[in-house]
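[1] structure for this input, please:
(one chain, ligands or ions: 3)
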Amino acid sequence: MLRRFLQSAGAQSWTARNTLVRTASNLPESTIYGGPTAQNPKRVTLRHLGAKYKRKEPISMVTAYDYPSAVHVDLSGVDILLVGDSVGMVVHGHETTLPVTLDDMLLHCRSVARGAQRPFLIGDLPFGSYERSPQQAIESATRLLKEGGMDAVKLEGGGPARVAAAKAVTEAGIAVMGHVGLTPQAISSLGGFRPQGRTAAEAIKVVQSARALEDAGCFAIVLECVPPAVSAAVTSAVSVPTIGIGAGPHCSGQVLVYHDLVGMMQHPHWVQVTPKFCKKYAAVGTVISQALVDFREEVANGEFPGPDHTPYTLPEDDKGEFAKLLQASGFEDAAAAVTSI
Ligand SMILES: Nc1nc(=O)c2c([nH]1)NC[C@@H]1CN(c3ccc(C(=O)N[C@@H](CCC(=O)O)C(=O)O)cc3)CN21
Ligand SMILES: CC(C)C(=O)C(=O)O
Ligand SMILES: [Mg+2]
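    Ligands and ions are numbered 1, 2, ... in the order given. Take a look at the predicted model:
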């Protein structure tokens, strides 16, 4: 596997790397996951996820799109890292996920794969990369593993064509996560980011789609924006883990978008985009904004950089020599500037 090769080329143990990251970033011990044990693997695989599901332990999943966020997710001990096509909205500023291309996804997947060694890595197949035919789905999924360093792929929808795509990709030897309920790539036909399964007739369709995806070989299924009664029914009706987002507590696991959960965006535009089911576990956006304002003010008033952030020196002898050379070259003011400090 590409990731395994890259890791052995890196020749660093998990503990060594963990210590290195913690030391380099001044992270307190409490923010770091405890490290590998029997039930706490060095690297999460499908087998670990299946075992967790059998033990009825909730599975955690978070998105990440770049190297630094991937490192943080890795250190947190979260089971699954999803490189979501939500990247188009949270990172690229689009209104929907539709503009995201397979090449966009590959760039983000590669960055994430460099930063996250521990979680199981899933890449979203973006809009337009798998709908045309099962062959297209296999080709796109293959690229996410081969070039993007992912462990598995996710695709949206539970209609016959999507089920056929999921089956073809699974049969090509690639693990597939399904995704039903609100499928954001279908915004054109759904008419908005609307919750799904809100009538009995709609709710039974969600269950049937999930069952069809399970039959097609999906190893897990995302349930997005459905009432808790619907996710409870799906979770009971299928024998693979369900991962909920805006789907209440009766799922086998939960997923949130990284930027939502860390409270990254405090800008008014973002407040509209952050769905109401998101819980903010921090207010990172406020911290970032304050840091930037502090920097601007310190540059404006000359406080930055002080001696602590001015590390490079010219030996006194060279300083004198430098001033002389400047003078000899006709730079009198520059020579005075050198001798004045
Ligand atoms: N930042 C972010 N977080 C997400 O969870 C997320 C994304 N972006 N982008 C991709 C999809 C889109 N998601 C969304 C986006 C908006 C709503 C939302 O606001 N829904 C409203 C109804 C809006 C309508 O009717 O048009 C709601 O009341 O639930 C829900 C899910 C979930 N995903
Ligand atoms: C919200 C999750 C499930 C997703 O598909 C994404 O982040 O793109
Ligand atoms: Mg997605």
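[2] what about the strands in the stretch 1-150 of the chain?
    Assigned by DSSP state E, counting those that start in this stretch, the strands in the stretch 1-150 of the chain fall at 59-63, 80-83, 120-124.
[3] any weak-confidence spans in the stretch 201-341 of the chain?
    Per-residue confidence for the stretch 201-341 of the chain (pLDDT under 70) gives these ranges: 266-273.
[4] neighbours around His92, how many?
    Using other Cβ atoms under 10 Å, His92 has 13 other residues around it. Backbone N, C-alpha and C define where each C-beta goes, glycine included.
[5] likewise Asn40?
    With other Cβ under 10 Å as criterion, Asn40 counts 13.
[6] next, the contact list for the spatially closest residue to Val284 that is not a sequence neighbour, please.
    Nearest non-adjacent residue to Val284, counting by Cβ to Cβ, 6 or more residues apart in numbering: Val262, 4.4 Å away. Taking Cβ atoms under 8 Å, 6 or more residues apart in numbering, we find Val262 in contact with Lys280, Tyr281, Ala282, Val284.
[7] out of the residues you listed, who's nearest ligand 1?
    Lys280 (11.4 Å; Cβ to the nearest ligand atom).
[8] check which helix or strand that closest one maps to.
    Assigned by DSSP states H and E, Lys280 falls within no helix or strand.
[9] thought it was touching Val257?
    No: taking contacts as Cβ atoms under 8 Å, Lys280 lies outside contact range of Val257: 11.1 Å.
[10] comparing the two, which residue is more hemmed in?
    Taking neighbours as other Cβ under 10 Å, Lys280 and Val257 compare with Val257 leading, 23 against 16.
[11] what residues are up against the residue nearest in space to the middle of the chain?
    Nearest to the mean C-alpha position of the chain, by Cα atoms, centre = their mean, lies Ala64 at 1.2 Å. Applying Cβ under 8 Å, 6+ apart, we find Ala64 in contact with Ala70, His72, Val73, Leu81, Leu82, Val83, Val112, Gly115, Ala116, Tyr258.
[12] tell me the contacts of the first one?
    Looking back up the chat, that one is Ala70. Going by Cβ under 8 Å, 6+ apart, Ala70 touches Ala64, Leu81, Ser111, Val112, Ala113, Arg114, Gly115, Ala116.
[13] now do the last one
    Contact partners of Tyr258, counting by Cβ under 8 Å, 6+ apart, are Val62, Thr63, Ala64, Tyr65, Ser69, Val73, Val90, Met264.
[14] what's the answer for the fourth one, then?
    For Leu81, the residues meeting the contact criterion (Cβ under 8 Å, 6+ apart) are 61-64, 70, 73-74, 112, 116, 119-122.
[15] also the third one?
    Counting by Cβ under 8 Å, 6+ apart, Val73 makes contact with Val62, Ala64, Leu81, Ala116, Pro119, Tyr258.
[16] the residue of the stretch 51-200 of the chain found nearest ligand 1: which element?
    Per Cβ to the nearest ligand atom, Gly192 is where the stretch 51-200 of the chain lies closest to ligand 1, at 3.1 Å. Using DSSP H and E, no element contains Gly192; it sits outside every helix and strand.
[17] quick one, phi/psi of it?
    Phi and psi for Gly192, reported as degrees, to the nearest 10, are phi 140, psi 170.
[18] where exactly do the strands run in the stretch 201-341 of the chain?
    If DSSP E, counting those that start in this stretch is used as the criterion, the strands of the stretch 201-341 of the chain fall at 220-224, 242-245, 253-256.
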